[in-house]
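Asks: I'll drop the sequence and a predicted model, then ask my questions.
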Amino acid sequence: MGIGIHTGPALVGCVGAELAAGGGKTRVRRELTAIGETINLAQRLEQLTKAKGGPILLSEATQGRLRDLSRLESLGPQGLEGFEGQVLVYRARA
């Protein structure tokens, strides 16, 4: 299991659709979701845990909001698919 954490703006809301339920009835399927670049970067960090031995990786934006940095290990700049340049990544240690 791996966890990627990034801090930033995201669009959060309930999306849904009406679906045919048979017998002339419909049902509404709703789902709470978050979208945006912040979510995408967190997902890329989660994928990076497999290569970097996670289990929890954080972006520099998240590291900058923490009070206690003693349990973080810098993995340095990392290239993430879909993002230009490098992202400074930290691993949370137990």
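Replies: Ah, there it is. In this text, all values refer to a predicted model and were calculated from it rather than measured experimentally.

Asks: contacts, neighbours, all on C-alpha from now
Replies: Noted.

Asks: which parts of the helix or strand where residue 48 lies are buried?
Replies: Using DSSP states H and E, residue 48 sits within helix 37-52. Of all the residues in helix 37-52, those buried under the rule 16 or more other C-alpha atoms under 10 Å are 38-49.

Asks: Specify the residue positioned farthest from the middle of this structure.
Replies: Relative to the centre of the chain, and counting by C-alpha atoms, centre = their mean, the farthest-placed residue is residue 23 at 40.4 Å.

Asks: Tell me where this structure has strands.
Replies: Assigned by DSSP state E, the strands in the chain fall at 3-5, 11-22, 25-35, 56-59, 72-79, 86-92.

Asks: Out of those, which one sits most buried?
Replies: Most buried of the strands of the chain by mean neighbour count (mean count of other C-alpha atoms under 10 Å) is strand 56-59; its value is a mean of 25.

Asks: What average pLDDT does that one get?
Replies: For strand 56-59, mean pLDDT rounds to 97.

Asks: For the helix holding residue 48, what is the distance to the chain centroid?
Replies: Computed by C-alpha atoms, centre = their mean, to the nearest Å, the chain-centroid distance of helix 37-52 equals 6 Å.
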